[in-house]
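K.L.:
predicted model and sequence below, questions to follow.
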Amino acid sequence: WTPAAYTPPAAGGGRDKAMATVREIQRLDPIQGGLSLINLHVSDKAWPEAFAVLEPLLAAYPDHGEFHYQFGRLASLSGLHRDRGIVFLRRFLAASPTPGETSRVQAHFRLGTLLEWEGDLAGAKEEYRRVIEADPNHRPARTALDRMK
């Protein structure tokens, strides 16, 4: 389940139904359910709630790469916990990819965002360049590089 599957109230859906679906997913699969709940909170820009879901998942699954990425993603979107976000994204990028994980391209982009926020412009540019090398059509990375000129 992703936020894209969230059906608006006018179509018979809504947040309550989405939350009920997420809770059922959590019951069946705590990892996917946790990721779904994080995404639901992200769609609401409820950053503290998303981090509150992620922290116990990181404690329970400390080597789960997708949770490392998610922490960095949340940090880059919210501006919260940026130092830890950088650490987790670097850990994610240093590990061998596993099937189903978020792409390394996205992780490099999120890391670039965090480094830019932290004032490490050289590091941010390097990450954005890595993104464009891997995906020449990645507009957000191109926009970020243009902005930094």
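P.N.:
Thanks, I have it. Numbers count the residues shown, from 1 in each chain.
K.L.:
contacts for stretch 78-85 next, please.
P.N.:
Outside stretch 78-85, the residues within contact range by C-beta atoms under 8 Å, 6 or more residues apart in numbering are 45, 47-48, 50-51, 71-76, 110, 114, 117-118. The way it works is simple: take the backbone N, C-alpha and C, and place the C-beta from them, glycine included.
K.L.:
recalculate using a threshold of 7 Å.
P.N.:
47, 51, 71-72, 75-76, 114, 117-118 (C-beta atoms under 7 Å, 6 or more residues apart in numbering).
K.L.:
now those residues in a markdown table, please, with extra columns for neighbour count and pLDDT.
P.N.:
Formatted as a markdown table, those follow (neighbours: other C-beta atoms under 10 Å; pLDDT from 0 to 100):
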| residue | neighbour count | pLDDT |
| --- | --- | --- |
| 47 | 17 | 97 |
| 51 | 20 | 98 |
| 71 | 27 | 98 |
| 72 | 29 | 98 |
| 75 | 26 | 98 |
| 76 | 23 | 97 |
| 114 | 28 | 98 |
| 117 | 15 | 96 |
| 118 | 14 | 97 |
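K.L.:
and these, which is closest to residue 92?
P.N.:
residue 72 (6.7 Å; C-beta to C-beta).
K.L.:
before we move on, the earlier item: now the contacts of stretch 78-85 as TSV including distance to residue 104?
P.N.:
Shown next, in TSV, are the contacts of stretch 78-85 (distance: C-beta to C-beta, whole Å):
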residue	distance to residue 104
47	24
51	23
71	16
72	12
75	17
76	15
114	15
117	20
118	21
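K.L.:
tabulate these in JSON lines, adding columns for distance to residue 65 and secondary structure.
P.N.:
Shown next, in JSON lines, are these (distance: C-beta to C-beta, whole Å; DSSP: H, G, I helix; E, B strand; the rest coil):
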{"residue": "47", "distance to residue 65": "21", "secondary structure": "helix"}
{"residue": "51", "distance to residue 65": "18", "secondary structure": "helix"}
{"residue": "71", "distance to residue 65": "11", "secondary structure": "helix"}
{"residue": "72", "distance to residue 65": "11", "secondary structure": "helix"}
{"residue": "75", "distance to residue 65": "16", "secondary structure": "helix"}
{"residue": "76", "distance to residue 65": "17", "secondary structure": "helix"}
{"residue": "114", "distance to residue 65": "17", "secondary structure": "helix"}
{"residue": "117", "distance to residue 65": "23", "secondary structure": "helix"}
{"residue": "118", "distance to residue 65": "22", "secondary structure": "coil"}
